[in-house]
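# Quick check, what structure comes out for this input:
(chains A, B, C and D)
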2 protein chains.
Amino acid sequence: MLNQTPDLDRLFHALADPARRAMFERLSRGPAPVSELARPLPMSLPSVMQHIGVLEAAGLVRSEKFGRVRTCSIEPGALSLAEQWINARRQEWECRLDRLGEYLKTMENGEDDNGRVD
Amino acid sequence: MLNQTPDLDRLFHALADPARRAMFERLSRGPAPVSELARPLPMSLPSVMQHIGVLEAAGLVRSEKFGRVRTCSIEPGALSLAEQWINARRQEWECRLDRLGEYLKTMENGEDDNGRVD
DNA sequence: CGTTTGGTTAAGCATATGCCTAACTATCAG
DNA sequence: CTGATAGTTAGGCATATGCTTAACCAAACG
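Coordinates of the predicted model:
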């Protein structure tokens, strides 16, 4: 639960780029070599490599070299950290609405009239 | 379903910063004025304003000015786009594992030996 | 061997990001 | 009106990001 802040930074930052998301989407349908990830993208190979670096640093993708071809694949559970954070937010949000609901209900019977809502 | 790519860019980019996530976390517990969002953060007010701008541009936060105080609040459903994308990825991933499982099962009985996996 | 193929390294450049300070506006309190 | 409070605008600066081209390396192919 502690200070995973830099991990979330890297994770969300990695996902904040269309090229990187495209690669990740491709990989979620199965492993692929670098050149296949590069093919649909309108950029040079070195750029693609940099993006792969970012995805790996974020723990989203793993890659291994066999012979001269580097095969990339999804790191399973890679997105769970992001998911957890989002769910935690939703839960806080809903919890707050519940408290608000409770409060409004106590207002209904026995109006005590010295409160404000937002 | 189409071309929400720039939206996802803005969304994930907005979440990729610890200060912005901190603000969003605070707001998911209820609305707050700018100065309250700023208090725990180690930076100047103008910087905070910029972060709020990013959060608003991403559709994560809304803000309105009453008198001289600007009150910020969560945009409900703000995270749903991110959630959708993540879920879609997981689904593709699982679907792929299913296909792989099917394939392995057909291999078990009646070995036909001319296929490759990955 | 020599060549193609797949990837990598290095260096450089343009733009974006994140932060700051200083100056300014607008509201509220006395 | 005067001063304090809340926020805003403007300008500038340092670093990060995303991309490029030009070499370079190493496995495969003929």
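
# is the closest residue to A:Glu56 other than its chain neighbours in a bridge, and if so with what?
Distance criterion Cβ to Cβ, 6 or more residues apart in numbering or on different chains; nearest residue to A:Glu56, sequence neighbours excluded, is A:Ser63 at 6.5 Å. Every residue, glycine included, has its C-beta placed from N, CA and C. As for beta bridges, A:Ser63 partners with A:Cys72 under DSSP bridges.

# A:Ser63 and A:Ile52 touch, don't they?
Yes - using Cβ atoms under 8 Å, A:Ser63 is in contact with A:Ile52, at 6.6 Å.

# which neighbours do those two share?
A:Val34, A:Cys72 (Cβ atoms under 8 Å, 6 or more residues apart in numbering or on different chains).

# can you tell me how far the residue nearest to A:Glu56 sits from A:Ser73?
7 Å (Cβ to Cβ, to the nearest Å).

# Look at the two and report which has more neighbours.
A:Ser63 (19 against 15; other Cβ atoms under 10 Å in any protein chain shown).

# mind listing what the more buried one touches?
A:Ser63 neighbours (Cβ under 8 Å, 6+ apart): A:Val34, A:Ile52, A:Glu56, A:Arg70, A:Thr71, A:Cys72, A:Ser73.

# ok, how many other residues are close to A:Pro42?
Other residues near A:Pro42 come to 6 when the count uses other Cβ under 10 Å.

# So for it, what's the pLDDT?
Per-residue pLDDT puts A:Pro42 at 94.

# May I have the phi/psi pair for the residue in chain A that DNA strand D sits nearest to?
Closest residue of chain A to DNA strand D, Cβ to the nearest atom of the strand: A:Gly67 (2.5 Å). The phi and psi values for A:Gly67, taken as degrees, to the nearest 10, are phi 60, psi -120.

# separation between it and A:Glu36?
15 Å.

# Who has more neighbours out of these two?
Ranked by neighbour count (other Cβ under 10 Å), A:Gly67 and A:Glu36 place A:Glu36 first, with 15 against 5.

# nearest spatial neighbour of the more buried one, skipping sequence neighbours?
A:Arg26 is the one closest to A:Glu36 (Cβ to Cβ, 6+ apart), at 7.6 Å.

# buried stuff in the helix or strand that that neighbour is a member of?
With elements taken from DSSP states H and E, the one containing A:Arg26 is helix A:18-27. Buried residues in helix A:18-27, counted by 16 or more other Cβ atoms under 10 Å in any protein chain shown: A:Ala19, A:Arg20, A:Arg21, A:Met23, A:Phe24, A:Arg26, A:Leu27.

# Now for the residue nearest to A:Glu36: which residues touch it?
A:Arg26 touches A:Ala32, A:Glu36, A:Leu37, A:Pro40, counting by Cβ under 8 Å, 6+ apart.

# between the helix or strand hosting A:Gly53 and helix A:18-27, how big is the angle?
Applying DSSP H and E as the criterion places A:Gly53 in helix A:45-57. On the basis of axes from the mean of the first three to the mean of the last three Cα atoms, to 10 degrees, helix A:45-57 is oriented at 70 degrees to helix A:18-27.

# helices and strands around helix A:45-57, which ones?
helix A:5-15, helix A:18-27, helix A:34-38, strand A:61-66 (3 or more Cβ pairs under 8 Å, 6 or more residues apart in numbering or on different chains; DSSP states H and E).

# returning to what we had before: which one among the buried residues of helix A:18-27 gets closest to B:Leu15?
A:Arg21 (13.7 Å; Cβ to Cβ).
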